[in-house]
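Asker: What shape does this take:
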Amino acid sequence: MLHAVTYPGLSALPDAYARVFEDGSRQSFFLTLDWFRNFFATVVQEPQHEYIVGVETDDGRPVAVMPMMWAPGRNGVLSPVSLSGASNYYTCCFAPALSDAQDTSAAARALAAGLWSHRRQWDVVTLQPLDRGAAIYADLARALRDVGMVTQTYFCFGNWYLEVAGRSYLEYLESLSSVMRKNVPYNIRRLEKSGRSHIEIVTREAELESALDAYEKVYNSSWKIPEPYPHFIRGLARLAARNGWLRMGLIHIDGEPAAAQIWIVHGGVASIYKIAYDERYAKLSTGTVLTSKLMQHVIDVDKVRIVDYLSGDDDYKKMWMSHRREFWGIVGFNPRSLRGAAQIVRHVGGRFGKQLLERTKRRWARASARADGEAISRD
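Answerer: Have a look, this model is predicted:
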């Protein structure tokens, strides 16, 4: 039998959970222990708190773990207390990390039962973004509903990716549209003939700090909005370089950083994590050139199976990639709490939600009357 155990943070987890993260990381670098450590260190702030849900066998062997965040309501008496997966703007894949041999359905049932057993601590549970095609997505949605939550699922984003299928970079290039087959080599030749450019791919810690300075200079000169958590990217790049995952591409024009991209190579997958270019150099197609150089590196040198453009259905991503999938979210409402019932009315609506809210109000009124009566009798 499996049962859930909650821990107040990653540092409180028994050492045996490291193996669970190691197994789970084969699915995505977004499920590695290092990813979550950097996330909690640079993103989670008061009043949010770490809330880690583990799944263990009866003899205490961990088989699954789901890092989460607990946050109190913020605006008014009906503002819900939330329990959410440890994910945000920076996260392109979220799921519980599972041991290799673990049945996803059993783990999902244990996680849902563990969350439900602490339902007085929260009003809404949110898990996103999950791969809609993965078994754990359907298993979690079913398990949350079966324990008593009112659930909704929702679309988060489309995800374009390339199946390399053992091809070389040149073979891959030949598979692209005629426009891409023409434009990519042309843009490379034009930039190289100018004699103004220098291209580098940074992978080691020794070169990282100056490369990050250049990346930030490009980012701040691009169309991108300012980073909401400025320490996150530096933390991610450092851990990626330390683990051998980092592929940071830079183009300098006349000695000035003009384009920068951060790719993460992990488990045979190259994830295109951040891209930016200085708009002053847009006519030189620095973004296209840098993407092609990094693509050549991860295909011919790293021999990856997949190149992943992560979140978004942008047209330019379709031009480089071959396949599309979708990531969705699951929200579970607590129908036993007043604020949870109010959220059901707001998000689910209909007669069921309104009836549920009225029943919950009556239950709260009876509980309040009993408490008042007990106080009077004590007096």
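
Asker: okay, now the domains of the protein?
Answerer: Domain assignment of the chain by automatic domain parsing yields the ranges 2-158+327-334, 165-304.

Asker: need the contact list for the residue nearest the centre of the chain.
Answerer: For the chain, the residue nearest the mean C-alpha position is residue 91 (2.2 Å; CA atoms, centre = their mean). Residues near residue 91 by CB atoms under 8 Å, 6 or more residues apart in numbering: 30, 39, 129. In this view, the C-beta of every residue, glycine as well, is placed from N, C-alpha and C.

Asker: coming back round to it: output the domains of the chain in JSON lines, with mean pLDDT appended to each entry.
Answerer: What follows is those, written out as JSON lines (pLDDT from 0 to 100):
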{"stretch": "domain 2-158+327-334", "mean pLDDT": "95"}
{"stretch": "domain 165-304", "mean pLDDT": "96"}
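
Asker: thinking again about what came up before, among the contacts of residue 91, which are located in strands?
Answerer: Under the assignment DSSP state E, the contacts of residue 91 contribute residue 129 to strands.

Asker: Adding distance to residue 305, write the contacts of residue 91 out as TSV.
Answerer: Below are those laid out as TSV (distance: CB to CB, whole Å):
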residue	distance to residue 305
30	17
39	25
129	21
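
Asker: burial measure for the residue lying closest to residue 281 once chain neighbours are set aside, as a count.
Answerer: Distances taken as CB to CB, 6 or more residues apart in numbering place residue 258 nearest to residue 281, at 4.2 Å, with adjacent residues excluded. Residue neighbour count, defined by other CB atoms under 10 Å, stands at 29 for residue 258.

Asker: Residue 279 is in contact with residue 258, correct?
Answerer: No. Using CB atoms under 8 Å as the test, residue 258 is too far from residue 279 to be in contact (9.8 Å).

Asker: Run through the residues that contact residue 203.
Answerer: 241, 244, 246, 247, 248.

Asker: now do residue 273
Answerer: Residue 273 touches 236, 262, 263, 264, 310, counting by CB under 8 Å, 6+ apart.

Asker: Would you mark the buried spots in the helix or strand containing residue 298?
Answerer: Taking DSSP states H and E as the criterion, residue 298 maps to helix 286-300. Using 16 or more other CB atoms under 10 Å as the test for burial, helix 286-300 gives 286-299.

Asker: Determine the set of other helices and strands touching whatever helix or strand comes next after that helix.
Answerer: Following helix 286-300 in sequence order, the next helix or strand is strand 306-311 (DSSP H and E). Judged by 3 or more CB pairs under 8 Å, 6 or more residues apart in numbering; DSSP states H and E, strand 306-311 is in contact with strand 150-163, strand 269-277, helix 286-300, helix 315-320.

Asker: Can I get those in JSON lines including distance to residue 50?
Answerer: Shown next, in JSON lines, are the helices and strands packed on strand 306-311 (distance: least, CB to CB, whole Å):
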{"stretch": "strand 150-163", "distance to residue 50": "23"}
{"stretch": "strand 269-277", "distance to residue 50": "23"}
{"stretch": "helix 286-300", "distance to residue 50": "33"}
{"stretch": "helix 315-320", "distance to residue 50": "33"}
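
Asker: Out of these, which is closest to residue 54?
Answerer: When the helices and strands packed on strand 306-311 are compared by CB to CB, strand 150-163 sits nearest residue 54, at 22.4 Å.

Asker: now for the closest one, which elements pack on it?
Answerer: Against strand 150-163 (3+ CB pairs under 8 Å, 6+ apart) you get strand 124-131, helix 135-147, strand 306-311, helix 315-320, strand 323-333.

Asker: can you list those in CSV and add distance to residue 19?
Answerer: Shown next, in CSV, are the helices and strands packed on strand 150-163 (distance: least, CB to CB, whole Å):
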stretch, distance to residue 19
strand 124-131, 22
helix 135-147, 18
strand 306-311, 25
helix 315-320, 35
strand 323-333, 26
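
Asker: Please name whichever of those is nearest to residue 154.
Answerer: Taking CB to CB, strand 323-333 is the member of the helices and strands packed on strand 150-163 nearest to residue 154, at 5.1 Å.

Asker: Between strand 150-163 and that closest one, find me the angle.
Answerer: 160 degrees (axes from the mean of the first three to the mean of the last three CA atoms, to 10 degrees).

Asker: Just the CA trace of strand 323-333, in CSV.
Answerer: Presented in CSV, the C-alpha positions along strand 323-333 are these (Å, rounded to 0.1, in the frame of the first residue of the first chain):
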residue,chain,number,x,y,z
HIS,A,323,5.6,18.0,-33.9
ARG,A,324,3.1,19.6,-31.5
ARG,A,325,1.7,18.6,-28.2
GLU,A,326,-0.3,20.4,-25.5
PHE,A,327,0.2,21.2,-21.8
TRP,A,328,-2.9,21.5,-19.6
GLY,A,329,-3.6,22.4,-16.0
ILE,A,330,-5.9,20.8,-13.4
VAL,A,331,-7.6,22.7,-10.6
GLY,A,332,-9.3,21.0,-7.7
PHE,A,333,-11.8,22.9,-5.6
